[in-house]
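Q: what would the 3D arrangement of this be:
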Amino acid sequence: MPEQTWAPVVFGRTAGADVWWRVRPPGADRQWLENAIHTVIAGGRRLEGRPRFLITVRPGARLVGVACRAIELSRSMHTDGSREMYCFVGWFSAADSGGPELPDLYDHYPAWAGAVYERHMEPVWNAPVSAVRRPDPGRPGPPPWPVAPPPPVDPHLVLPPVIHVNDWDIVWNHALASPAPASVVLGWSTAGRPGAGVTHLGVLDRGVPRLDRSGPLEPLKRVGPVDPHPLEHPERRPPPPVAGTPGPPRKNGSSPILLGGAAVFVLLVVGVAVSSRAPLEASAPEPATRSAVPAAPKRPQTGRRIVNQPLTLKDQAGKRLVPGFETGKGPWVSYRRGTGVSLEFAPKTPILTGTARTLPGCRKADMYPHPAPHVATGLHEVTCMMIGEKGRLIGIRVTEQGERTARMTAYVWRSAQEPDEEMARHGGRF
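A: Reported below is the predicted structural model:
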């Protein structure tokens with residue numbers, strides 16, 4: 001897709017002055033920006049450990065960003081000595097499409113927004129009002145996220161004003177792909193009053209109806225993602241955990257695993273699904289028998305090769321699953337071309353051999369008759385297997401391969417019979 005430039009936006013006060021505009025792009029409509037920011041920041045209410053995400057669009061203008069506690073972005077600039085600060089950090093562009101995919105923003109906002117926050121707050125943190133009365137115009141440049149075409153969307157899908165947590169990605173992708181006016185705020189527990197101008201409010205309330213996504217999606221022919229630009233503070237500590245759970249299990253079939261479930265398993269799947277902070281090293285172990293020798297990668301009709309064996313994954317403690325997603329992006333993982341690798345989900349879990357087939361075929365073969373609605377269409381070869389003592393199903397699709405690296409996406413389900421542990425942990429409420 002064409003190269004885009006994005007200008008930083010910072011709305012938050014300093015320790016020395018109760019002036020909120022720190023960075024405001026001069027080419028953007030101030031009233032439009034302020035209205036959008038106030039709908040997501042909401043005076044800092046209920047931001048403790050639970051950020052809220054915004055994408056707002058109109059022809060020739062789009063704003064994307066996060067409202068959160070300042071302590072998530074900076075170790076030193078988050079309080080005036082008596083109270084904790086909150087802020088909004090985002091990016092503005094005149095492009096008609098584009099922006100970070102929601103899993104990327106969710107996983108990386110502490111680093112991406114933190115770099116912007118510290119760059120613009122540090123010089124004036126203790127300055128008097130006179131020094132911060134005028135906002136910094138900022139400097140447009142390439143965004144910190146991987147630049148790629150927006151994911152495919154169903155143009156006929158009706159998006160209601162209140163969005164179930166499992167459908168956040170869908171409404172976000174619609175805003176990424178179109179210049180049609182929209183304002184999407186994600187992260188409130190319940191609907192309440194969404195704020196002026198909000199067209200779609202993503203909530204964690206399980207009682208909100210799911211979208212009807214029964215129609216197939218056309219697969220998008222993607223070009224390999226562009227490497228993110230180096231972050232200024234790669235050593236930033238992980239953010240505090242965010243409350244969020246998936247929708248209720250389906251009565252006849254399976255539901256995607258998002259948060260909850262077996263703790264060790266969840267931490268390890270996060271490393272495949274959404275983490276890209278550190279590469280994972282993987283190598284092919286020596287097979288115990290001749291029959292266990294991994295098969296050579298196959299070449300499906302799309303021209304992409306796949307690894308016909310599971311993939312090695314080491315413990316990535318502290319990583320987070322993204323609420324609302326059946327899919328996630330994985331890191332670059334080293335492997336040996338033509339020999340395949342193995343998958344290790346827990347120290348005491350035996351290595352399991354998977355079978356390469358289509359994802360719906362994988363589901364059928366393992367007796368999971370109801371695929372996740374927007375995952376099992378438009379996909380090609382995957383490695384699928386049962387893992388864990390509770391018999392969860394995972395499908396791994398290699399989306400890009402090089403001589404020594406492979407980028408993959410993991411699709412994870414749990415059976416309908418498995419207790420909803422996260423729901424039980426909250427006493428049936430969230």
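Q: output the below-cut-off pLDDT ranges for this protein.
A: Low-confidence segments of the chain (pLDDT under 70): 1-2, 194, 213-430.
Q: max-length helix in it?
A: Using DSSP state H, we find that the single longest helix of the chain is helix 102-121.
Q: continuing past that helix, what's the next helix or strand?
A: The helix or strand immediately downstream of helix 102-121 is helix 129-132, counting by DSSP states H and E.
Q: ok, then the element right after that next one?
A: For helix 129-132, the following helix or strand on the C-terminal side (DSSP H and E) is strand 162-163.
Q: just the buried residues of stretch 195-213, please?
A: 195, 198, 199, 200, 201, 202, 203, 204, 206, 208, 211, 213 (16 or more other C-beta atoms under 10 Å). Yep, even glycine has a C-beta here, placed from its N, CA and C like the rest.
Q: can you tell me which of the residues you listed lies nearest to residue 102?
A: Residue 102 lies nearest to residue 202 out of the buried residues of stretch 195-213, by C-beta to C-beta, at 9.4 Å.
Q: contacting residues for that closest one?
A: Shown in contact with residue 202 (C-beta atoms under 8 Å, 6 or more residues apart in numbering): 53, 163, 165, 167, 168, 171, 184, 185, 186, 187, 188, 324.
Q: can you rerun that using 10 Å?
A: Residue 202 is in contact with 52-53, 102, 162-165, 167-172, 184-188, 191, 208, 323-324, counting by C-beta atoms under 10 Å, 6 or more residues apart in numbering.
Q: how about residue 47?
A: Residue 47 makes contact with 40, 41, 66, 67, 68, 69, 70, 72, 84, 86, 87, 187, according to C-beta under 10 Å, 6+ apart.
Q: kindly recompute the last result at 7 Å.
A: Applying C-beta atoms under 7 Å, 6 or more residues apart in numbering, we find residue 47 in contact with 67, 68, 69, 86.
Q: count of residues packed around the second one?
A: In other words, residue 68. 32 (other C-beta atoms under 10 Å).
Q: please name the bridge partners of it.
A: Counting by DSSP bridges, residue 68 is bridged to residue 87.
Q: quick one, what contacts it?
A: Residue 68 is in contact with 47, 51, 86, counting by C-beta under 7 Å, 6+ apart.
Q: PyMOL command to pick out the buried ones of the contacts of residue 202?
A: Buried subset of those, written as a PyMOL selection, criterion 16+ other C-beta under 10 Å:
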select buried, resi 52+53+102+162+163+164+165+167+168+169+170+171+172+184+185+186+187+188+208+323+324
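Q: from the contacts of residue 202, which land in helices?
A: Per DSSP H, helices hold the following members of those: 102, 168, 169, 170, 171, 172.
Q: tabulate these in TSV, adding columns for distance to residue 158.
A: What follows is the ones in helices among the contacts of residue 202, written out as TSV (distance: C-beta to C-beta, whole Å):
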residue	distance to residue 158
102	20
168	16
169	16
170	11
171	11
172	16
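Q: and which of those is nearest to residue 122?
A: Comparing the ones in helices among the contacts of residue 202 against residue 122 with C-beta to C-beta places residue 102 closest, at 28.8 Å.
Q: nearest to residue 131 among the buried residues of stretch 195-213?
A: Residue 131 has its nearest neighbour among the buried residues of stretch 195-213 in residue 195, at 31.4 Å by C-beta to C-beta.
Q: that closest one contacts residue 39, doesn't it?
A: Yes - with contact defined as C-beta atoms under 7 Å, residue 195 reaches residue 39; the gap is 3.5 Å.
Q: shared neighbours of those two, anything?
A: Contacts common to residue 195 and residue 39, judged by C-beta under 7 Å, 6+ apart, are residue 185.
Q: re earlier: what helices or strands is the longest helix of the chain leaning on?
A: Counting contacts by 3 or more C-beta pairs under 7 Å, 6 or more residues apart in numbering; DSSP states H and E, helix 102-121 is packed against strand 7-11, strand 21-23, strand 61-69, strand 86-93, helix 168-177.
Q: nearest to residue 135, out of the ones you listed?
A: Closest to residue 135 of those is strand 21-23 (C-beta to C-beta; 4.0 Å).
Q: show the subsequent helix or strand relative to that closest one.
A: helix 30-41.
Q: contacting residues around that following helix?
A: Applying C-beta under 7 Å, 6+ apart, the contact partners of helix 30-41 are 9, 11, 24, 52, 54, 56, 61, 63, 67, 86, 88, 183, 185, 195-198.
Q: quick one: neighbours of residue 160, just the number.
A: Neighbour count of residue 160, defined by other C-beta under 10 Å: 13.
Q: do residue 124 as well
A: 17.
Q: who are the contact partners of it?
A: Here residue 124 is in contact with 14, 131, 132 (C-beta under 7 Å, 6+ apart).
Q: now those residues: which count as buried?
A: Taking 16+ other C-beta under 10 Å as the criterion, what is buried in the contacts of residue 124 is 14, 132.
Q: I'd like the contacts of residue 124 as CSV, with distance to residue 125 appended.
A: Formatted as CSV, the contacts of residue 124 follow (distance: C-beta to C-beta, whole Å):
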residue, distance to residue 125
14, 5
131, 10
132, 10
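Q: what backbone torsions are found at residue 149?
A: Main-chain dihedrals, residue 149, degrees, to the nearest 10: phi -60, psi 150.
Q: okay, now it: neighbour count?
A: Neighbours of residue 149 under the rule other C-beta under 10 Å: 14.
Q: residue 59 versus the closest residue to residue 102 other than its chain neighbours, what's the distance?
A: Distances taken as C-beta to C-beta, 6 or more residues apart in numbering place residue 172 nearest to residue 102, at 4.4 Å, with adjacent residues excluded. From residue 172 across to residue 59, the span is 19 Å (C-beta to C-beta, to the nearest Å).
Q: rewinding a little: just give me the closest of the buried residues of stretch 195-213 to residue 154.
A: Once C-beta to C-beta is applied, the member of the buried residues of stretch 195-213 that ends up nearest residue 154 is residue 213, at 7.1 Å.
Q: and residue 25, what is it in contact with?
A: Residues in contact with residue 25 (C-beta under 7 Å, 6+ apart) are 7, 9, 92, 137, 138.
Q: ok, residue 113 - contacts?
A: Residue 113 is in contact with 66, 73, 89, counting by C-beta under 7 Å, 6+ apart.
Q: want to throw those residues into TSV with neighbour count and distance to residue 148?
A: Putting the contacts of residue 113 into TSV (neighbours: other C-beta atoms under 10 Å; distance: C-beta to C-beta, whole Å) gives the following:
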residue	neighbour count	distance to residue 148
66	25	20
73	29	25
89	27	22
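Q: now do the longest helix of the chain against strand 61-69, angle only.
A: When axes from the mean of the first three to the mean of the last three C-alpha atoms, to 10 degrees is applied, the directions of helix 102-121 and strand 61-69 differ by 80 degrees.
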